[in-house]
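1. missing the sequence, but the structure's below:
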């Protein structure tokens, strides 16, 4: 991790809600203790069990939010890309992170003292609405994950994950930035079963895989598999 202190927000191309609220309220950026941090691929941005001290905003790159389970059996709840708050679920209620976030690729975050965000949340209606909306999206993703893992078989779960990735990457053809193991962790499936299911879907003509490039060839059928579970 490479840290840059005394960040000048005006030079940042990704103006976050915190910056916008500071401008609207006429507050000074002096004393916000803003810090930017650069994370390498696979480096942890925050760790389950650590104390929450800052509001973290993903400026560049992509990351995964996951629960660290027993004996290294992790469950990836969802992926993140800018603009996104990291640790939003722990901002107000928990003094410790109940999950971990790791960079999937080279990523940059901005960290602002948590007290500043809490003040803006209480004083600025626009910040309240934006944070509540972001919080709602996070909860919805987690609820969908719980339903998927609880009610679908492994074939339905892998189909759900592939459809989620298509939405995340913005197309039915995408470069996988996650490993087969991580794809399994998105679906609560072992790496061996993940590889087997991908092979089955490829043989059935539902997907095609060339290196790290995956193409959904029959989205209607893949969606049907996901729905039927």
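-> Happy to help now that I have it. Only a predicted model underlies this, so the values are computations on that prediction, with no experimental measurement involved. Numbering: from 1, shown residues only.
2. show me where the chain has strands.
-> Using DSSP state E, the strands found in the chain span residues 2-5, 35-39, 44-46, 54-60, 63-67, 75-80, 84-86, 100-103, 107-113, 173-175, 207-210, 213-216.
3. check which residues of the last one are buried.
-> So that's strand 213-216. Buried residues in strand 213-216, defined by neighbour count with 16 or more other Cβ atoms under 10 Å: 214, 216. In short, each C-beta sits where N, CA and C put it, glycine included.
4. show me what it is packed against.
-> helix 154-169, strand 173-175, strand 207-210 (3 or more Cβ pairs under 8 Å, 6 or more residues apart in numbering; DSSP states H and E).
5. and if we set it to 7 Å?
-> strand 173-175, strand 207-210 (3 or more Cβ pairs under 7 Å, 6 or more residues apart in numbering; DSSP states H and E).
6. which regions of this protein lie under the pLDDT threshold?
-> Scanning the chain for pLDDT under 70 picks out the ranges 4-15, 17, 25, 27-33, 88-94.
7. kindly list the longest helix within it.
-> helix 125-151 (DSSP state H).
8. turn the strands of the chain into TSV, including distance to residue 228.
-> Shown next, in TSV, are the strands of the chain (distance: least, Cβ to Cβ, whole Å):
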stretch	distance to residue 228
strand 2-5	47
strand 35-39	39
strand 44-46	36
strand 54-60	35
strand 63-67	27
strand 75-80	22
strand 84-86	31
strand 100-103	32
strand 107-113	36
strand 173-175	24
strand 207-210	17
strand 213-216	17
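9. since that was my last question, I'll sign off now.
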